[in-house]
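pasting the structure only:
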């Protein structure tokens, strides 16, 4: 139409000359008005303002790429930087029905960029874009319904619009549909269907879906358990800056889960997230420096990360920090600091810390021996099934150290330790059977337990075993 009408006087068209002769003026006027409206509309969209439409569409594509391909984004900051020179164009495009402009105008109203924030107006513009099959507009309208922003909260409506966008291949909406099926949010729970939608989005590079898909493979949710696939998708998400994925891939390199163990690679990924305050990540990063780095200041770096994690209450890190304070490795030697951190970990129920604290009191490493205090800590560890704590508590009962002697009680704790494979517990349980301490003398049982201890290298058990067998 445009190429016909441009450059000609409108009344030069033969169509109108014929019609003017045979039609009433009212009808002719109406036809002319319609033609003029169509002419100038087409002129705007495809003609005189064609560069504007293309520019707005480019702005739209840039915005969507920014919002979906970068895991951590600041939408308001992005729009704020462009509002002065672009908002007028977005508004103009939206008013003549260009869906990309409607979407961008909705975002400006939603975030209060260039105009006062107005969620209802934002939802109205998202709806205009959505009704023109703009997938991004459908997604944003779904989000408005999901959280009740500018519209009445309605989960079913949210899912409807998410699905429309998802079926057009828009990754964030595919993720939302996957999440809906995973949690049973407004649809019947279906982990298989969830994994299917996560995969669709993940294959487009959408980091949140890559992370969720990795978890599906890790926990056999809707797919077969597969540690390698889990590691693959964790890494893809991590490479896009997904913090949880960075932590997970770091842990997997640290422990060698689904990928070969590599402390250097583990440190690389863990360090990306450690500064954000994840205590477990900080603790593991400290271990990477301690166990997998030959840097001159590796021990100091390790202690630095142990302290950061310990101060957040990570019991494992508190124990490590206490060990370094006690030995003076990477930090000035301080028994006061050591006992402080051991107590913090022990107070959280950390069995190894409780046992170690008991040993320090038993041997008087923090001052005079205090076997009564030692027994209290051995008992706490023993009751958590800590084998060495059980053996030590049995020892205290057998010899009356810090508690009244009780051979029967001693045998019970030696047995608990022995059955967990503790060599010292096996040795003492064998001795009790050989001597009849707290249990009826039994050569066969004595031989059985002494042999187990001897096979683990306990010399006293081997000597007693030879003596028993020689008689």
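All right, it came through fine. All figures in this text were calculated on a predicted structure; none of them were measured in a lab.

burial of residue 244, as a residue count?
Residue 244: 18 surrounding residues under other Cβ atoms under 10 Å. All C-beta spots, glycine's among them, are computed from the backbone N, C-alpha and C.

That one: which element?
In this assignment (DSSP states H and E), residue 244 forms part of helix 243-255.

quick one: buried residues of whatever helix or strand comes next after that helix?
Sequence-wise, the next helix or strand downstream of helix 243-255 (DSSP H and E) is helix 263-274. By neighbour count on 16 or more other Cβ atoms under 10 Å, the buried set for helix 263-274 is 263, 265, 266, 267, 269, 270, 271, 272, 273, 274.

who does helix 263-274 touch, helix- and strand-wise?
Here helix 263-274 touches helix 243-255, helix 279-292, going by 3 or more Cβ pairs under 8 Å, 6 or more residues apart in numbering; DSSP states H and E.

okay, those in a markdown table with mean pLDDT and distance to residue 221 next?
Shown next, in a markdown table, are the helices and strands packed on helix 263-274 (pLDDT from 0 to 100; distance: least, Cβ to Cβ, whole Å):
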| stretch | mean pLDDT | distance to residue 221 |
| --- | --- | --- |
| helix 243-255 | 96 | 15 |
| helix 279-292 | 95 | 22 |
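
Save those helices as CSV, and put in distance to residue 116 too.
Output for those, formatted as CSV (distance: least, Cβ to Cβ, whole Å):
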stretch, distance to residue 116
helix 243-255, 33
helix 279-292, 41
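
now for those, which one comes closest to residue 102?
helix 243-255 (33.2 Å; Cβ to Cβ).

so how far is that closest one off the chain centroid?
Here the centre of helix 243-255 is set off from its chain's centre by 9 Å, with Cα atoms, centre = their mean, to the nearest Å.

same thing with stretch 133-153?
Remark: stretch 133-153 is offset 26 Å from the chain centroid, using Cα atoms, centre = their mean.

which residues touch it?
Outside stretch 133-153, the residues that touch it by Cβ atoms under 8 Å, 6 or more residues apart in numbering are 60, 64, 99-100, 102-103, 106-107, 110, 118-124, 126-130, 154-155, 157-162, 164-165, 168-170, 172-173, 176.

continuing past the longest helix belonging to the chain, what's the next helix or strand?
Among the segments of the chain that qualify as a helix by DSSP state H, the longest is helix 50-69. Sequence-wise, the next helix or strand downstream of helix 50-69 (DSSP H and E) is helix 75-80.

Pull the residues that contact that following helix.
Here helix 75-80 has contacts from 63, 66, 67, 107, 108, 111, 112, 113, using Cβ under 8 Å, 6+ apart.

just to revisit the earlier point, got the angle for the helix holding residue 244 vs helix 263-274?
Interaxial angle, helix 243-255 versus helix 263-274 (axes from the mean of the first three to the mean of the last three Cα atoms, to 10 degrees): 150 degrees.

Could you list the buried residues of helix 243-255?
Going by neighbour count (16+ other Cβ under 10 Å), the buried part of helix 243-255 is 243, 244, 245, 246, 247, 248, 249, 250, 251, 252, 253, 254.

mind listing what the last one touches?
By Cβ under 8 Å, 6+ apart, the residues touching residue 254 are 261, 263, 266, 270, 284, 287, 288.

Distance of it relative to residue 286?
Counting by Cβ to Cβ, to the nearest Å, the gap from residue 254 to residue 286 is 11 Å.

can you check the third one too?
Distance check for residue 245 against residue 286: by Cβ to Cβ, it reads 21 Å.

how about the nearest residue to residue 417, chain neighbours excluded?
What sits nearest to residue 417 in space, not counting adjacent residues and going by Cβ to Cβ, 6 or more residues apart in numbering, is residue 425, at 2.8 Å.

Show me what the helix or strand containing that neighbour is packed up against.
Assessed by DSSP H and E, residue 425 sits inside helix 423-435. Helix 423-435 is packed against helix 387-399, helix 407-419, helix 443-455, helix 459-470, with contacts defined by 3+ Cβ pairs under 8 Å, 6+ apart.

Make a markdown table out of the ones you listed and add mean pLDDT.
A markdown table is the format used below for those (pLDDT from 0 to 100):
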| stretch | mean pLDDT |
| --- | --- |
| helix 387-399 | 98 |
| helix 407-419 | 98 |
| helix 443-455 | 97 |
| helix 459-470 | 94 |
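
So which of those helices has the densest surroundings on average?
Greatest average neighbour count among those goes to helix 387-399 (a mean of 24), per mean count of other Cβ atoms under 10 Å.

Just the residues contacting it, thanks.
Helix 387-399 is contacted from outside by 351, 354-355, 358-359, 362, 371, 374-375, 378-382, 401-403, 405-407, 409-414, 416-417, 420-422, 424-425, 428, 432, 437-438, using Cβ under 8 Å, 6+ apart.

In PyMOL, how would I select just the buried ones from those?
Those of the contacts of helix 387-399 that count as buried under 16+ other Cβ under 10 Å are selected in PyMOL with:
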select buried, resi 351+354+355+358+359+362+371+374+375+378+379+380+381+382+401+402+403+406+407+409+410+411+412+413+414+416+417+422+424+425+428+432+437+438
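
just how off-centre is stretch 181-195 within its chain?
With Cα atoms, centre = their mean, you get 20 Å for stretch 181-195.

and that stretch, what's its mean pLDDT?
For stretch 181-195, mean pLDDT is 97.

Who are the packing partners of the longest helix of the chain?
helix 75-80, helix 83-95, helix 99-111.

Flag every buried residue along the helix or strand hosting residue 166.
Assessed by DSSP H and E, residue 166 sits inside helix 155-167. Within helix 155-167, the residues that count as buried by 16+ other Cβ under 10 Å are 157, 158, 159, 161, 162, 163, 164, 165, 166.

Verify the stated contact: residue 230 with residue 212.
No: with contacts counted by Cβ atoms under 8 Å, residue 230 stays clear of residue 212, the gap being 11.1 Å.

Just want the angle from the helix holding residue 244 to helix 279-292.
30 degrees.

re earlier: quick one, which of the contacts of stretch 133-153 are buried?
Buried among the contacts of stretch 133-153 (16+ other Cβ under 10 Å): 60, 64, 99-100, 102-103, 106-107, 110, 119, 121-124, 126-130, 154, 157-159, 161-162, 164-165, 170, 172-173, 176.
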